[in-house]
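S.K.: sequence plus the predicted model coming up.
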Amino acid sequence: MEKLIDLISKEVKEAFEKAGYESSYGTVTVSNRPDLCEYQCNGAMAVAKQYHKAPIQIASEVADNLNDNAVIDSAQAVNPGFLNINIRGGFLAGYLKDMSQCADGRFGLDDIGRGRKVVVDYGGPNAAKALHVGHLRSAVIGEAVKRIFNYAGYDAIGDIHMGDWGLQMGLVITELKERFPDLPYFADSFEGEYPKEAPITIEELGEIYPTAAGKAKVDPAYKDKAMEATLKLQNGQRGYRALWKQIMDISVANMKKIYDSLDVHFELWKGESDVQDIIPGMVSYLKDGGYAHMSEGALVIDVKEDTDTKEMPPCIVIKSDGASLYNTTDLATIMERTEKIDPVCMVYLTDKRQDLYFEQVFRASRKSKLVKPDTELVHIGFGTVNGKDGKPFKTRDGGVMPLEMLIKDINDRMYERILENRDIDPDEAKSISNTVSLAAIKYGDLSNQASKDYIFDVDKFTSSEGNTGPYILYTMVRIRSILAKYTEQGGSVPVLPSSDMEFIAPKSASQKALMLALSGFAPVIEGACAEVAPHRICAYIYSLANAFNGFYHDTKILACEDDKEKSGYIAILVLTLKILEACIKMLGFDAPSRM
Ligand code: ARG
């Protein structure tokens, strides 16, 4: 469906042409002074230079051509040469009707992704290590990005891309060997069956990795052992592989539980280890093609470019001891995705401290043609989650905040708030608080531009006022309850897509503001998709919720005595609710039926 702003531009362009000027100057934008007008056009100022005329005179000529226009209600020339434009209420009503008739239920958003695949690489947990606050953003933003792409018609495939292969595994194996040297995994000569289950629990694993990592920091001999164990694992030592597989099983079960609780789901549960078999082939390809060369014993790809202003070290493919590393698995994964999935884009979500790393990997894969030239490679580097002191979020005793604890904290606070001054069944309160606290966490994160740090503020996030998830949900619950009352009174609430929903020209400023906000849905989603920016959807639904609440306070909806007007209001309510529902679904959370 054509965007409203383009329909308005079309009229203004014609008016420029009719006045004898080039039509391209008639481009219209949403007004940056909503107190003065709804749309504006600054083209007269630019034309003036070309035609050597006063801009205000040109603007007036164009404005005259917009009298009696079916789309534009008023166009006013103001000094020094702006055109302030308002849209006709009746035209706006017709536009909303078209939006609510869209058979694909996308409210006029074009099917921009049709037939195109995207891989979203997010989550990125490391198997031996507990999930902590740092993993929240990758999960939350990645899930939203994936859902936005899917909504826009792409086939988006989420890959968790676990860190299941590197030194962390060698460290865990080394520590287990120190503690339980008699286990059969460590006996080179052992040929029998290994135990069926892992020798440790997930809780024990949570302690073993940090202990081992701590030891390696102070004891070089221990670190050497861990590196050796890593290499042996990678080279396929039978006992190590068996032990690794069992550690993976308990890790993955635990990860699934936590990601499920965040309503985050992956199509592919792949890890760095999955490309192990294709690495030798890739290495030969890189060598034979002359893309990689030896440098100080390591195989590297140079990625420096003349225009670089910052340091750009080569991308190491194989270390001098023959081990593969993080880079190797990422290059091989790009190669594999290109061969097996052939996406138009691969999006990666990690902490922004990996910016340089991804720049190297992307350049290396382009230079060596592991990826097709027109496949986009995008890294979204996100900022840190901080506590109220502005420093990385910690537990009360100063440790790294486990993700589960963070989720529990916000759940508890939300539960308290729901019980506050109210008589509600505790079970129902529990279920509501689960739904709302997820919105609180996700919205709290997603409403910030990804690259920025933000403060994890439990009180603010769980508040039902201000720019928060609960505020959006309250607004939705309010609309649902009005619609439920309307049904009780014998009205029938239309189901979208619907062709018999009649919108009427707005009667008040707040009604028009809400209708204008609704008309902006498709451009926002298109922008969020093109910029891979879920925060744009948050900003949109916040302004939509504000516009709705403004309208609600000004308008007698159910008490309205004119039937036509009343069903016009109901149409607006239904469209607002459906658009909010679509948006929060994209952001990755739901609304409770009551709050
Ligand atoms: N496991 C990595 C980490 O903790 C993140 C993985 C991101 N994805 C990737 N393809 N490198 O830093």
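M.R.: That came in fine, so what should we check first? Note that this is a predicted model, so its numbers are computed, not measured. Numbering: from 1, shown residues only.

S.K.: Asp188: neighbour count?
M.R.: Per other Cβ atoms under 10 Å, the neighbour tally for Asp188 reads 7. Quick note: C-beta positions are derived from backbone N, CA and C, even for glycine.

S.K.: would you mind giving the secondary structure of the nearest residue to it once chain neighbours are set aside?
M.R.: Nearest residue to Asp188, sequence neighbours excluded (Cβ to Cβ, 6 or more residues apart in numbering): Gly239, at 7.7 Å. The three-state assignment at Gly239 reads helix, by DSSP: H, G, I helix; E, B strand; the rest coil.

S.K.: confidence score at the residue nearest to Met312 when sequence neighbours are not counted?
M.R.: Sequence neighbours aside, Lys304 is the residue nearest to Met312 in space, at 4.5 Å (criterion: Cβ to Cβ, 6+ apart). Note on Lys304: pLDDT of 96.

S.K.: residues near Lys304, how many?
M.R.: 12.

S.K.: do the same with the one 5 residues further on
M.R.: The local packing count at Thr309 equals 5, with neighbours defined by other Cβ under 10 Å.

S.K.: what's the answer for Trp165, then?
M.R.: 26.

S.K.: kindly report the same for Leu483.
M.R.: Neighbours of Leu483 (other Cβ under 10 Å): 19.

S.K.: what helix or strand is the residue nearest to Met312 located in?
M.R.: Lys304 is part of no helix or strand, with elements assigned from DSSP states H and E.

S.K.: my guess is it meets Pro314, correct?
M.R.: Yes - using Cβ atoms under 8 Å, Lys304 is in contact with Pro314, at 7.4 Å.

S.K.: right, and the residue nearest to Asp188 touches Gly192 too?
M.R.: No - judged on Cβ under 8 Å, Gly239 makes no contact with Gly192 at a distance of 10.7 Å.

S.K.: so which of the two has more stuff around it?
M.R.: Gly239 (19 against 6).

S.K.: contact partners for the more buried one?
M.R.: Shown in contact with Gly239 (Cβ atoms under 8 Å, 6 or more residues apart in numbering): 184-188, 190, 194.

S.K.: same thing with Pro523?
M.R.: 3, 5.

S.K.: against the ligand, how distant is it?
M.R.: As judged by Cβ to the nearest ligand atom, to the nearest Å, Pro523 and the ligand stand 31 Å apart.

S.K.: wait, is that residue part of a helix?
M.R.: Yes - counting by three-state DSSP, Pro523 falls inside a helix.

S.K.: and it, what pLDDT?
M.R.: Looking at Pro523, the pLDDT reads 96.

S.K.: ramachandran angles for whatever residue of the stretch 101-250 of the chain ends up closest to the ligand?
M.R.: In the stretch 101-250 of the chain, no residue comes nearer to the ligand than Gly124, which is 3.0 Å away by Cβ to the nearest ligand atom. When quoted as degrees, to the nearest 10, the phi and psi of Gly124 stand at phi 50, psi 40.

S.K.: so it is in contact with Thr333, correct?
M.R.: No - using Cβ under 8 Å, Gly124 makes no contact with Thr333, being 11.8 Å away.

S.K.: what subset of the contacts of Gly239 is buried?
M.R.: 184-186, 194 (16 or more other Cβ atoms under 10 Å).

S.K.: ok, which stretches of the stretch 151-300 of the chain are helices?
M.R.: Listed in chain order, the helices of the stretch 151-300 of the chain (DSSP state H, counting those that start in this stretch) span 167-179, 202-218, 220-234, 238-261, 279-288.

S.K.: remind me what the second one packs against, helices and strands.
M.R.: Just to be clear, that refers to helix 202-218. When contacts are defined as 3 or more Cβ pairs under 8 Å, 6 or more residues apart in numbering; DSSP states H and E, helix 202-218 packs onto helix 167-179, helix 220-234, helix 238-261.

S.K.: chain center to that helix: distance?
M.R.: Centroid separation for helix 202-218 versus its chain: 32 Å, with Cα atoms, centre = their mean, to the nearest Å.

S.K.: is that helix in proximity to the ligand?
M.R.: No - using Cβ under 6 Å from any ligand atom, helix 202-218 never reaches the ligand; the gap is at least 12.9 Å.

S.K.: give me the buried positions along that helix.
M.R.: Residues of helix 202-218 classed as buried: 205, 208-210, 212-213, 215-216 (neighbour count, 16+ other Cβ under 10 Å).

S.K.: next one: stretch 296-307
M.R.: Neighbour count says stretch 296-307 has 298-303 buried, by 16+ other Cβ under 10 Å.

S.K.: and the residues you listed as JSON lines, adding distance to the ligand?
M.R.: Shown next, in JSON lines, are these (distance: Cβ to the nearest ligand atom, whole Å):
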{"residue": "Ala298", "distance to the ligand": "20"}
{"residue": "Leu299", "distance to the ligand": "19"}
{"residue": "Val300", "distance to the ligand": "18"}
{"residue": "Ile301", "distance to the ligand": "17"}
{"residue": "Asp302", "distance to the ligand": "21"}
{"residue": "Val303", "distance to the ligand": "16"}
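
S.K.: and of these, the nearest to Ser23?
M.R.: Val303 (45.6 Å; Cβ to Cβ).

S.K.: next up, the contacts around the nearest residue to Gly383 once chain neighbours are set aside.
M.R.: Computed as Cβ to Cβ, 6+ apart, the closest residue to Gly383 that is not its neighbour in sequence is Asp453, at 3.8 Å. Applying Cβ under 8 Å, 6+ apart to Asp453 gives the contacts 383-386.

S.K.: ok now the helix or strand of the chain with the lowest mean pLDDT, how far from the chain's centre?
M.R.: Ranked by mean pLDDT, DSSP states H and E, the helix or strand of the chain with the weakest confidence is helix 43-51, at a mean of 90. Relative to its parent chain, helix 43-51 has a centroid offset of 41 Å by Cα atoms, centre = their mean.

S.K.: list the helices and strands it packs on?
M.R.: Judged by 3+ Cβ pairs under 8 Å, 6+ apart, the packing partners of helix 43-51 are helix 4-18, helix 55-64, strand 82-87.

S.K.: pick the most deeply packed of those.
M.R.: strand 82-87 (a mean of 23; mean count of other Cβ atoms under 10 Å).

S.K.: who's in contact with that one?
M.R.: 4, 8, 12, 28, 31, 36-45, 59, 62-63, 66, 71-78, 516.

S.K.: just the buried members of these?
M.R.: Buried members of the contacts of strand 82-87, counted by 16+ other Cβ under 10 Å: 4, 8, 12, 28, 31, 37-41, 43-45, 59, 62-63, 66, 71-73, 75, 77, 516.

S.K.: identify the residues contacting Val300.
M.R.: With Cβ under 8 Å, 6+ apart, Val300 has these contacts: 292-294, 314-317.

S.K.: and of those residues, the nearest to the ligand?
M.R.: For the contacts of Val300, the minimum distance to the ligand (Cβ to the nearest ligand atom) is 13.0 Å, reached by Cys315.

S.K.: quick check on that closest one: phi, psi?
M.R.: Here is the backbone geometry of Cys315 (degrees, to the nearest 10): phi -90, psi 120.

S.K.: which residues are in contact with it?
M.R.: 300-301, 303, 327, 331, 360-361, 363-364.

S.K.: 7 Å - rerun?
M.R.: 300-301, 303, 327, 360-361, 364 (Cβ atoms under 7 Å, 6 or more residues apart in numbering).

S.K.: name the nearest of the residues you listed relative to Met476.
M.R.: Checking these against Met476 by Cβ to Cβ gives Val361 as the nearest, at 41.3 Å.

S.K.: now the nearest residue to the closest one once chain neighbours are set aside: how far from the ligand?
M.R.: Spatially, and ignoring its direct neighbours in sequence, Val361 is nearest to Asp330 (4.9 Å; Cβ to Cβ, 6+ apart). From Asp330 across to the ligand, the span is 5 Å (Cβ to the nearest ligand atom).

S.K.: give me the contact list for the host helix or strand of Asn150.
M.R.: Following DSSP H and E, one finds Asn150 within helix 134-151. Contact with helix 134-151 is made by 113, 118, 120, 122-125, 156, 158, 259, 262, 264, 347, 349-351, 380, 382, 385, 403, 406, 442, 445-446, 450, 525, 528-529, 532, 534, 585-588, as judged by Cβ under 7 Å, 6+ apart.
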